[in-house]
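Student: For reference, the sequence and a predicted model appear below.
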Amino acid sequence: MIKVGGRWFTSIALCGLMFGSAGCEEEPPPAPPATPDCSAPPEVSSPDWVPCQLKVMTLEEKVGQLFMTHAYGKSVTDADPKMVESNRKDHGLDTAEQLVERYHLGGIIYFTWANNLQAPEQIARLSNGLQEVAMRQERAIPLLIATDQEHGVVVRVGEPATQFPGNMALGATQDVETARQAAAITGRELRALGINQNFGTVADVNSNPLNPVIGVRSFGLDPARVAAFTQVQVGAQQGEGTASTVKHFPGHGDTDVDSHYGLPIINHSREQFDAVDLPPFVAAIDAEVDAIMSAHIVVPALESSGLPATLSHGIMTDLLRGQLGFKGVVVSDSLSMQGAKPYGDQSDARVPVEALKAGVDLLLMPQRIEVAYNAVRDAVNSGEVSQERLDEAVGRILTLKQKRGVLAQPLVELAGLQRVGAAEHLTAAAAITERGITLVKNEAGVLPLKPEAGKVLVTGWGVTATATLAQELARRGRSVETVETGTSPTQAKIDEAVASAARADVTVVLVNRVWTSKQQQALVRALQGANKPVVVVSVREPYDIAHLPEVSTYVATYGYQPVSMKALARVLLGEVNPSGRLPVAIPEVGTASGVLYPVGHGLSYGG
């Protein structure tokens, strides 16, 4: 059951409320579990495999399955001194191989900063190497191998893998098919690399324009639309054999604190949570999502103790499982984040235990794996964590590995790497990106750029963004000058940009969160004083226009990655008619409820 707008609905009723009755069928009650036949080792595809494994696994093996952490290196035995030093500092061991062997890990998560993600063949070989280490152990249980491939501002696997814009750009297309395509291609390419789980679908409704951590990672402001986009991404990614994870439950969209560095408090009422924050997660559950990631946020309406949601039994178990009916794996957000440290110096040991007791199954990136592992093992030995709770969590993790084919096919064929960055994938990504570009304001009719505007200044935020846009415009015959000014341009940089603008026919200035930078605002106003046409492009959240009301031409791309800058060039020159629509409302600065541009606003050329 779920409560929405003061009324209680079943999940099926909510499905009908959000998406219409089509496809909303009542789920039959589950059959009672049969007694497993463990007289002979069952096949990994057998329903008896998981319960039989639980019968023979040691306590140490079970505890290890609960943990997923990082390891430095491009291979399982990377002997690079920097990688060895980093592994010793974080884990007390030299290599990824030693880490998997010592702790019987359930999973590994890849990061660029851990040197895991250099090139497709290297990634696939690393994945296979990790799985071979796991398969050498007595139980031969393969690993979950995960990463955060959200796209947009959170990307782990770079080119030549296909790059898409982030969620808000997809939301701006107003077409869930774009989200389905992006998720399917992402899942297909990750699986080819040996990455079998993606922490990639942000289900948070971005209801706070000042949110420092979600923003363009969200599909938008409308709960029903966010729910619809979330649901199709889950199905598409899982259809490619990659486990889907939606985040950050129970909803991180109305924060003004980044939980990496602090502990946000969400002061929504229960009614607000039911109406705004929970529908996307319900939609994911209805799509049988594999995993849901918790948020390190305090929610007084749902948990009165002041503990973060990750450590709340009322949120992780009573709400998520009891009321919403989720049956998959609950994974914590990184336990090394500041928002997951309510116990001070004791947090490294206490947080993993309390998270497990609250209902979290997979414990992600504890600050110190040895301390966390020993604490959970000791908690089971002492009875603080019951054997039943341990088996429940491990059973869910093993079931996920079985369901996504990790047990049956832990290794990948290098020949499958041809799917990574395939031509048809790149074509789809370019077309999807174009559809999200949003023309918010075009009062002076500057866009599309006229043929006589042959000299273009590209300036503003972002070394790569300005360079990519300049290159694309130059390839199309424009004479382009570039002056990158950074996040906080100095007066000297502003003067340089203004001097360049005087020589140009039109200026395109990229801005990024100008409400945090008076210097960026000063740059835009100085460029306008040059008496040449100025096109302002927001390359992250589209709210910048509220702080630059005098701007007459304004475009939102929702991302600054090359795929977005290339699409922007095509829109600026009129090769593509902009069709994106704002997936969030842009509020008026200085008013409590005034809206400058509503959800759905967007212009096209000639209309």
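Tutor: Yep, that arrived.
Student: Pretty sure Val584 sits against Pro542.
Tutor: Yes. Contact between Val584 and Pro542 holds when scored by CB atoms under 8 Å: they sit 6.8 Å apart. Any C-beta I mention is one placed from the backbone N, CA and C, and that applies to glycine too.
Student: what touches both of these two?
Tutor: Both Val584 and Pro542 are contacted by Met168, under the criterion CB atoms under 8 Å, 6 or more residues apart in numbering.
Student: From Val376, how far out is Leu59?
Tutor: Leu59 sits 10 Å away from Val376, going by CB to CB, to the nearest Å.
Student: Those two: who's more crowded?
Tutor: Val376 (27 against 13; other CB atoms under 10 Å).
Student: Which pLDDT value belongs to Ala40?
Tutor: pLDDT, Ala40: 86.
Student: Tell me which residues touch Ser75, please.
Tutor: Ala96, Gln122, Arg125, Leu126, Gly129.
Student: Domains of the protein: list them as residue ranges, please.
Tutor: According to automatic domain parsing, the chain comprises the domains 2-419, 437-597.
Student: Lowest average pLDDT across these?
Tutor: When I compare the domains of the chain, domain 2-419 is least confident, with a mean of 92.
Student: re earlier: right, so of the domains of the chain, which gets closest to Gly606?
Tutor: Gly606 sits nearest to domain 437-597 of all the domains of the chain, at 7.6 Å, using CB to CB.
Student: Pull up the distance across that closest one, start to finish.
Tutor: End-to-end distance for domain 437-597: 16 Å, by CA to CA, to the nearest Å.
Student: That domain: how far from the chain's middle?
Tutor: Distance of domain 437-597 from the chain centroid (CA atoms, centre = their mean, to the nearest Å) equals 26 Å.
Student: can you check stretch 200-219 too?
Tutor: 9 Å.
Student: One more: stretch 239-250?
Tutor: The answer for stretch 239-250 is 10 Å, by CA atoms, centre = their mean.
Student: which residue ranges form the helices in the stretch 201-350 of the chain?
Tutor: Secondary structure of the stretch 201-350 of the chain (DSSP state H, counting those that start in this stretch): helices at 223-238, 270-272, 279-286, 313, 347-358.
Student: Of all the ones you listed, which one is nearest Glu481?
Tutor: helix 223-238 (38.9 Å).
Student: Just send the domains of the chain back as TSV, with distance to His425 too.
Tutor: Shown next, in TSV, are those (distance: least, CB to CB, whole Å):
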stretch	distance to His425
domain 2-419	4
domain 437-597	11
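Student: contacts for stretch 369-377?
Tutor: Defining contact as CB under 8 Å, 6+ apart, one finds that stretch 369-377 is touched by 59-60, 63-64, 66-67, 69, 90-92, 99, 103, 335, 348-353, 356, 363, 366, 385.
Student: can you check stretch 389-397 too?
Tutor: With CB under 8 Å, 6+ apart, stretch 389-397 has contacts from 50-51, 54, 57, 59, 62-63, 65-66, 106, 144, 328-329, 356-357, 360-362, 380.
Student: Looking at these, which are in helices?
Tutor: Per DSSP state H, helices hold the following members of these: Val50, Pro51, Leu54, Leu59, Lys62, Val63, Gln65, Leu356, Lys357, Val380.
Student: State the distance from the nearest residue to the first one once chain neighbours are set aside to Val63.
Tutor: In this structure, Val50 finds its nearest non-sequential neighbour in Leu398, 4.7 Å apart by CB to CB, 6 or more residues apart in numbering. Distance from Leu398 to Val63, counting by CB to CB: 14 Å.
Student: if we can go back for a sec, in PyMOL, how would I select the buried members of the contacts of stretch 389-397?
Tutor: Of those, the buried ones go into a single PyMOL selection, burial set by 16 or more other CB atoms under 10 Å:
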select buried, resi 50+51+54+57+62+63+65+66+106+144+328+329+356+357+360+361+362+380
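Student: any idea which helix or strand carries Val376?
Tutor: Val376 is part of helix 369-382, with elements assigned from DSSP states H and E.
Student: can you map out the strands along the stretch 301-450 of the chain?
Tutor: For the stretch 301-450 of the chain, the strands defined by DSSP state E, counting those that start in this stretch cover 329-331, 363-364, 438-442.
Student: In TSV, list these along with distance to Ala203.
Tutor: Formatted as TSV, the strands of the stretch 301-450 of the chain follow (distance: least, CB to CB, whole Å):
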stretch	distance to Ala203
strand 329-331	14
strand 363-364	17
strand 438-442	22
